[in-house]
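Student: sequence below, structure please.
(2 chains)
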Amino acid sequence: MLYRSLFPRDLFAEFDRLQRDMQGAFGGAPSIRGLGRNGYPALNVGTTPSSVEVYAFAPGLEPGSIEVNLDRGVLSIAGERKADAPQRDEKTTLHIDERFAGRFRRVVSLPDDIDPNAVSADYRDGVLHVSVQRRAEAQPRRIAVQ
Amino acid sequence: MNTVTPTASNTRAARSEPALLPPVDVVEDASGITLYADLPGVPRDKLDLRVDGDLLVIEAEVVLPVPQGMQASHAEVTLSRYRRTFTLSKELDADKVSAELNQGVLRLRIPKAEHAQPRKISVRVQ
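Tutor: This is a model prediction of the structure:
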């Protein structure tokens, strides 16, 4: 794809364009809810024959303040992270400011065969781990041949 | 509380391994610098902090409870190691670094050396 950036000397615009080009080249059709690559929290999702495992890398939260909801096969993780750095005054200087602060919400759509009544969530070392069991009848079975 | 001990270990081998760059906040006040780093998934015993010359090295490893036979279907965190290095300036006292790790957030406090505490310098106008 060739087009001129509006601000050709803006390095960040160039990176942004590069990232979009890469998504176009490799990602094909991203999810309608976006990729959220740089979002907070980062998500990893894995599956086993009997469960779906979701890991949200969400450091520095109060465990009680994390809202995990499962509604019609869509798992949402929401909450708020307060800024750790003290209020800026004339005596303090904020040199680097990269960490996320504020409200967040991320959504994962789960496979059809999950059991909404068998969900567990725990928060440890800043990672929220949600484990959703799949229905027993949907699990692969070996069928004996008579 | 983890304490940081200055070492002169050779870390070249470890440095060549790919690692994630954790996001940080750095705040300076009159008596020192506070650094916050996001290290989700890192238990206390997998955190390795060291001061190597004038370099502050933060290295850590992610430990996740993964059930057997799990296949990743979507991964945004693709490496299990964090690494970030900062150059300390002379007025910081590297022997008195203190650190705590709480729910994946590292808080490092590096005080300024006694002789480097702020002094008001009066400017004479002629």
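Student: what parts of chain B come near chain A?
Tutor: B:23-30, B:33-34, B:36, B:38-43, B:63-77, B:102-105, B:107 (Cβ under 8 Å from any Cβ of the partner chain). C-betas here are computed from N, CA, C, even on glycine.
Student: nearest spatial neighbour of residue A:119, skipping sequence neighbours?
Tutor: Distance criterion Cβ to Cβ, 6 or more residues apart in numbering or on different chains; nearest residue to residue A:119, sequence neighbours excluded, is residue A:132 at 5.0 Å.
Student: how much space is there between that neighbour and chain B?
Tutor: Relative to chain B, residue A:132 is positioned 12 Å away (Cβ to the nearest Cβ, to the nearest Å).
Student: any idea which element that residue lies in?
Tutor: Using DSSP states H and E, residue A:132 falls within strand A:127-134.
Student: need phi/psi at the closest residue to chain A within chain B.
Tutor: Here chain B gets closest to chain A at one residue, residue B:104, 1.8 Å apart by Cβ to the nearest Cβ. Phi and psi for residue B:104, reported as degrees, to the nearest 10, are phi 80, psi 10.
Student: just the buried ones from the residues of chain B next to chain A?
Tutor: By neighbour count, with 16 or more other Cβ atoms under 10 Å in any protein chain shown, these hold B:23-28, B:33-34, B:36, B:38-42, B:64, B:70, B:76-77, B:103-105, B:107 as buried.
Student: may I have the residues that are in contact with residue 55?
Tutor: All of this refers to chain A. Taking Cβ atoms under 8 Å, 6 or more residues apart in numbering or on different chains, we find residue A:55 in contact with A:43-46, A:127-130, B:41, B:64, B:77.
Student: the intended chain is chain B.
Tutor: Residue B:55 neighbours (Cβ under 8 Å, 6+ apart): B:85-88.
Student: in chain B, which spans are helices?
Tutor: Using DSSP state H, the helices of chain B run over B:12-15.
Student: what bits of it have low per-residue confidence?
Tutor: Along chain B, segments meeting pLDDT under 70 span B:1-16, B:116-119.
Student: centroid-nearest residue for it?
Tutor: Using Cα atoms, centre = their mean, the residue of chain B that lies closest to the mean C-alpha position is residue B:58, 4.0 Å off.
Student: correct me, but that residue touches residue B:42?
Tutor: No - taking contacts as Cβ atoms under 8 Å, residue B:58 lies outside contact range of residue B:42: 10.1 Å.
Student: any common contacting residues for those two?
Tutor: residue B:82.
Student: now the residue nearest to residue A:65 when sequence neighbours are not counted: how far from chain B?
Tutor: Counting by Cβ to Cβ, 6+ apart, residue A:65 lies nearest to residue A:79, which is 5.4 Å off, once chain neighbours are set aside. Counting by Cβ to the nearest Cβ, the separation of residue A:79 from chain B is 12 Å.
Student: beta partners for residue A:79?
Tutor: residue A:104 (DSSP bridges).
Student: hmm, residue A:59 and it touching each other?
Tutor: No - Residue A:79 is beyond contact range of residue A:59, at 11.9 Å (criterion: Cβ under 8 Å).
Student: looking at the two, which is more packed in?
Tutor: residue A:59 (28 against 21; other Cβ atoms under 10 Å in any protein chain shown).
Student: kindly indicate whether residue A:90 is helix, strand or coil.
Tutor: For residue A:90, the assignment made with DSSP: H, G, I helix; E, B strand; the rest coil gives coil.
Student: measure how buried it is and give me the count.
Tutor: 5.
Student: same question for residue A:120.
Tutor: If we define neighbours as other Cβ under 10 Å, then residue A:120 has 10 of them.
Student: quick one: contacts for residue B:36?
Tutor: Shown in contact with residue B:36 (Cβ under 8 Å, 6+ apart): A:84-85, A:99, B:24-27, B:105-108.
Student: any idea how far residue B:98 is from it?
Tutor: The gap separating residue B:36 from residue B:98 is 13 Å, by Cβ to Cβ, to the nearest Å.
Student: quick one: common contacting residues for those two?
Tutor: The overlap between the contact sets of residue B:36 and residue B:98 (Cβ under 8 Å, 6+ apart) consists of residue B:108.
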